[in-house]
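Student: Structure of the sequence below:
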Amino acid sequence: MAISTWQIWLLIGLLLAAAELMGASFILVALGVTAFVVALATALYPGMSVPAQLLLFAATGLALVPGFVYQFRRWHRSRASTMAGEAGGDASPTLAVETDGRRPGVRLHGDFFPAEARDGGELVVGEHVRIHHFEGITARVTRVDTTAGDDPPP
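Tutor: Okay, the predicted model is just below:
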């Protein structure tokens with residue numbers, strides 16, 4: 001049983017779409033859809049040459065990738081924050097800065113997250129902070145003045 005060219009493109013599309021689970025900002029999904037377009041074209045026109053297939057893949061990818069990335073960023077910006085500890089203000093728990101041996105961070109629900117102060121200053125181990133937001137896995141934190149009556153972490 002020989003595998004057809006369109007089936008190869010279909011498999012490439014599925015692999016690219018599945019690889020998107022690693023978090024590539026919809027780029028791999030766009031390339032997966034691009035491969036599906038080439039699979040459809042090769043299924044409809046079985047004699048399509050390899051250079052024509054690659055040209056179609058490149059042209060379709062150039063058209064789709066920017067649109068997918070734009071839509072992803074638009075959707076991502078419009079979402080309300082739902083990450084743990086990312087409430088900001090007084091709703092976020094007060095945490096103590098600790099280190100993993102290389103960099104300062106905070107421990108939230110048992111997981112260590114590298115942290116950076118929003119004011120750009122250095123964080124000191126034992127200092128109390130609140131998570132304002134996340135940039136990737138890095139927690140952007142605000143210092144808490146424990147002398148003003150804020151509760152220290154448990």
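Student: T34 - how many residues pack around it?
Tutor: With neighbours defined by other CB atoms under 10 Å, the count for T34 comes to 25. C-beta coordinates here come from the backbone N, C-alpha and C atoms, glycine included.
Student: What residues of the lengthiest helix in the chain count as buried?
Tutor: Once the chain is assigned using DSSP state H, the helix that runs over the most residues is helix 50-78. If you call a residue buried by 16 or more other CB atoms under 10 Å, then helix 50-78 has these buried ones: Q53, L56, F57, T60, G61, L64, V65, F68, V69, F72.
Student: Distance from it to the middle of the chain?
Tutor: With CA atoms, centre = their mean, to the nearest Å as the basis, helix 50-78 stands 17 Å off its chain's centre.
Student: mean confidence for it?
Tutor: In this model, helix 50-78 has an average pLDDT of 88.
Student: Following that helix in sequence, what is the next regular element?
Tutor: Of the helices and strands lying after helix 50-78 in sequence (DSSP states H and E), the nearest is strand 94-96.
Student: Could you give the bridge partners of the residue lying closest to I137 once chain neighbours are set aside?
Tutor: Of all residues not flanking I137 in the chain, F113 sits nearest, at 5.9 Å (CB to CB, 6 or more residues apart in numbering). Note on F113: beta-bridge partners by DSSP bridges are V106.
Student: Okay, now the unreliable bits of this protein?
Tutor: 24, 76-92, 148-154 (pLDDT under 70).
Student: Which residue ranges make up the domains of it?
Tutor: When the chain is parsed with automatic domain parsing, its domains come out as 5-78, 89-145.
Student: In this structure A17 contacts G32, no?
Tutor: Yes - counting by CB atoms under 8 Å, A17 touches G32, with 3.5 Å between them.
Student: Pipe the buried residues of helix 50-78 into CSV and attach distance to Y45 per row.
Tutor: Shown next, in CSV, are the buried residues of helix 50-78 (distance: CB to CB, whole Å):
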residue, distance to Y45
Q53, 10
L56, 10
F57, 14
T60, 15
G61, 19
L64, 20
V65, 24
F68, 25
V69, 29
F72, 31
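Student: my read is T142 is in a helix, agree?
Tutor: No - checked against DSSP: H, G, I helix; E, B strand; the rest coil, T142 lies outside a helix; its state is strand.
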